[in-house]
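Undergrad: how would this look folded up:
(chains A and B)
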Amino acid sequence: MTTESELSDGAGGAQRPGRDFPGSGLVKGLATTFKTMTHKAHTVQYPDQAPELAPRTRGVIALVEENCTVCMLCARECPDWCIYIDSHKETVPAGPEGGRDRTRNMLDRFAIDFSLCMYCGICIEVCPFDALEWSPEFEYAEFDIKNLLHEKDRLGEWLATVPAPVALDPAAEEPKELALAQKTADKRIAAAKAAEIVALIEDVPDAETGPVEDSTPEGDG
Amino acid sequence: MGGTAHWWLEVALRLVVILGFFLVVPLLVGQMEHKAMAHMQGRLGPMKAGGFHGWAQLIADGVKFVQKESVVPADADRLVFQIAPAVALLPYLVALVVVPIGPGTQVGVALDLGLFFVLAVMGVGVLGTLMGGWASANKYSLLGGIRTAAQLMAYELPMLLSAASIGMAAGTLSLSGIVAQWHWYWLPWQLIGAFVFFVSGLAELQRPPFDMPVADSEIIFGAYTEYTGLRFAFFLLAEYAGIVLLCLLTTVLFLGGWHGPFSEHLGWLWTLLKTLVLSFVVIWLRVSYPRLREDQLQRFAWTALIPLSLAQLAITGVVRVL
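TA: Below you'll find the predicted structure:
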C-alpha cells in the first residue's frame, strides 16, 4: 500500500515525471523491508511441516510389477545404466482347444540404483506398458550409498504414493487410450444392437410359426 | 565504618547492574537482529535453539565460540593480536558507566565531563579493530584496518561537532545535566545534529551501509579475518555493545533520555525503550541499504555530514544567543 501511494504521489505530485523527491528511494527501501517484515515468512519448517510439492514432482521411480514385460527398453535407454533387470522364460501351456504352448518372460529382479539415477525420467517415458511411474516421495535418504540400490518390492511400495494423473487442459486432445477404449466400447454396443435387431427380426417369423421355444428362456432370465 | 561499607556496597551494586546491562542488552539487540532481519527478508530466522522461536541462539553461538580453537597466525604480532579484542570491547563497558539511564542517581558515575569522556572512550574502541588489522599479518586484515582508520578520521569529526552542539544547547557536558535540561522543542532544534550523530556513529561502528572495512565480498572480514573462537566472539560482542552505546547516547543526548510519562519511576524503562527502538532502526538500515563504496563513504562524511554538523552548530549558537 505504502509503495503504491508513494508511486502515485511521485507521478501525480509537484515533481516532474521521472524526478522523484531526493531521498524518496531511501524511504521506499525502508518501506519495502518493513512491509516484508509484517507479512508472513515464506519458510516451511520442513521436518515439522510437510512441504507443498508440485503435482509432477520427481521424487522417486515406482514400479508396477504386473505391467512389466521385461522388454528391457528402460534398462537400455537409461543414460547411466542404473536399472538392473533379471528374468527367466516360462512356458504357458496351450489352451484346451488346440494351438501351441507359449513362452512368457517372468520378472525375477527389477532394481534401480538411486545413487546413480539422475532422475531424467527417460525410463518412464520409454516404457510402453506404463510399468514405471514418478512418485513425489523423497524421504529415502540412507547412511550408506550402497543402500540406495532398491529392489522391486521397495519400488512397488512407492506405487501407493503415486498421485492420480493431472487433469487435462479443457481444450486438450483426448488421449489415445481413451479413444481406443471408446472405439472398442462402440464396437461392442453396435454388435449388441445388431444382435438385438437380428433377434427382433428373427422373433417376427418365430411368432408366426412357433414362439414357445424361444420365449421361455427370456421369461426365465 | 558503616558508612564506608554502605558506600562500597552501593558501588558494587552499580557496577553489577552496569555489567548486567552490558552483557544482556547487546545480546537482546543481536537476537533482534537475527529475527527482524530474517522477517524483513521473508525468512523465520533461528527457530530451534532454546525451543521457543530460537531465543537461545546467541547463547548457543557463544558456547560454540568458546569451544573453538584460538588460532594466532605465525607471523602475527602476538601480544597486539591477542589484546585487540579486549581493546575493542572494554571501552564500551567503561563508557556505559557514565551514561544516565534514569533521573537522579540512576547513573554509574555522574561525571561532569560525561559527554567528553564517552566520546573519547568510544574512539578508543575503534583502535581495537585497528590493532587487530595491523597485527594479523594478513593483507585483507591490513586493508580492513586502514579502511577503519580512514572511516574513523572522517566520521569522528561530524560526531564530535554534533555532540558539541548539544553541549552548547545544554550549557553543560554532564550527560545527566543534558537530559535534565532537555525539552521537547530540542527535537526540531537539534534534528540535524541528531541525524549527523546517529549516522556518523553507525559509520564508526562499521555497521551497514558503512561496512566497507569488513566488506566480506572484497576483503573477507577485514580486520577480523584471522580471528577465531572467543576473540572473534569478543569482536562481535563489541559491535553489538557499540550499537547499544550509540543508541543509548543518541537517546540521552537528542531524544530526551528518561523523559516520558511516569518518568519519576519508569525513567529507566523509557531510556531502554528508546534505545531498543533506535537499535531496531540500526538493523532496519542494515537490511534496507546496500554498502557504500569507499569513495562514496568519504564523500558523504566530508561533503554532507561535516557541513550539516557545522550548520547545526551555527543554528544552536544563534538560538542560544537569541
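
Undergrad: and the host helix or strand of A:Ile189, what does it pack against?
TA: A:Ile189 belongs to helix A:176-209 when elements are defined using DSSP states H and E. Packed against helix A:176-209, as judged by 3 or more CB pairs under 8 Å, 6 or more residues apart in numbering or on different chains; DSSP states H and E, are the following elements: helix A:212-220. For every residue, glycine as well, the C-beta is placed using N, CA and C.

Undergrad: let me see the ranges of the helices in the chain.
TA: All of this refers to chain A. A:2-12, A:24-38, A:73-77, A:122-126, A:152-157, A:176-209, A:212-220 (DSSP state H).

Undergrad: wrong one, chain B
TA: B:2-40, B:57-67, B:78-96, B:114-135, B:139-170, B:175-181, B:186-189, B:191-204, B:216-219, B:229-254, B:263-288, B:294-299, B:306-321.

Undergrad: could you dump those helices to CSV with distance to A:Glu174 and mean pLDDT?
TA: Below are the helices of chain B laid out as CSV (distance: least, CB to CB, whole Å; pLDDT from 0 to 100):
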stretch, distance to A:Glu174, mean pLDDT
helix B:2-40, 49, 87
helix B:57-67, 57, 90
helix B:78-96, 74, 90
helix B:114-135, 72, 88
helix B:139-170, 66, 90
helix B:175-181, 82, 85
helix B:186-189, 74, 86
helix B:191-204, 66, 91
helix B:216-219, 56, 85
helix B:229-254, 65, 90
helix B:263-288, 53, 88
helix B:294-299, 64, 89
helix B:306-321, 74, 90
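
Undergrad: closest to A:Leu159 out of the ones you listed?
TA: With distances scored as CB to CB, the stretch of the helices of chain B nearest to A:Leu159 is helix B:2-40 (40.2 Å).

Undergrad: to B:Ala233, which of the helices of chain A lies closest?
TA: Short answer: helix A:24-38, nearest of the helices of chain A by CB to CB, at 27.4 Å.

Undergrad: the inter-axis angle of the closest one versus helix B:2-40?
TA: 90 degrees (axes from the mean of the first three to the mean of the last three CA atoms, to 10 degrees).

Undergrad: residue numbers of chain A in contact with chain B?
TA: Residues of chain A lying close to chain B (CB under 8 Å from any CB of the partner chain) are A:26, A:29-30, A:32-34, A:36-37, A:39, A:41-43, A:45.

Undergrad: try it again with 6 Å
TA: A:Gly29, A:Leu30, A:Thr33, A:Thr36, A:Met37, A:Ala41, A:His42, A:Thr43 (CB under 6 Å from any CB of the partner chain).

Undergrad: most neighbours, which of these?
TA: When neighbours are taken as other CB atoms under 10 Å in any protein chain shown, the top entry among the residues of chain A next to chain B is A:Thr33 (20 neighbours).

Undergrad: ok, that one - contacts?
TA: Going by CB atoms under 6 Å, 6 or more residues apart in numbering or on different chains, A:Thr33 touches B:Met40, B:Val287, B:Ser288.

Undergrad: now the helices of chain B as JSON lines including distance to chain A?
TA: Shown next, in JSON lines, are the helices of chain B (distance: least, CB to the nearest CB, whole Å):
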{"stretch": "helix B:2-40", "distance to chain A": "4"}
{"stretch": "helix B:57-67", "distance to chain A": "15"}
{"stretch": "helix B:78-96", "distance to chain A": "27"}
{"stretch": "helix B:114-135", "distance to chain A": "26"}
{"stretch": "helix B:139-170", "distance to chain A": "18"}
{"stretch": "helix B:175-181", "distance to chain A": "28"}
{"stretch": "helix B:186-189", "distance to chain A": "18"}
{"stretch": "helix B:191-204", "distance to chain A": "12"}
{"stretch": "helix B:216-219", "distance to chain A": "20"}
{"stretch": "helix B:229-254", "distance to chain A": "17"}
{"stretch": "helix B:263-288", "distance to chain A": "4"}
{"stretch": "helix B:294-299", "distance to chain A": "14"}
{"stretch": "helix B:306-321", "distance to chain A": "14"}
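
Undergrad: can those go into a markdown table with extra columns for mean neighbour count?
TA: Shown next, in a markdown table, are the helices of chain B (neighbours: other CB atoms under 10 Å in any protein chain shown):
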| stretch | mean neighbour count |
| --- | --- |
| helix B:2-40 | 15 |
| helix B:57-67 | 15 |
| helix B:78-96 | 20 |
| helix B:114-135 | 22 |
| helix B:139-170 | 21 |
| helix B:175-181 | 21 |
| helix B:186-189 | 15 |
| helix B:191-204 | 23 |
| helix B:216-219 | 13 |
| helix B:229-254 | 23 |
| helix B:263-288 | 19 |
| helix B:294-299 | 15 |
| helix B:306-321 | 16 |
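
Undergrad: can I see the domain layout of chain A?
TA: A:2-38, A:60-161, A:176-213 (automatic domain parsing).

Undergrad: what mean pLDDT does the longest one have?
TA: Right, the one you point to is domain A:60-161. The predicted model gives domain A:60-161 an average pLDDT of 90.
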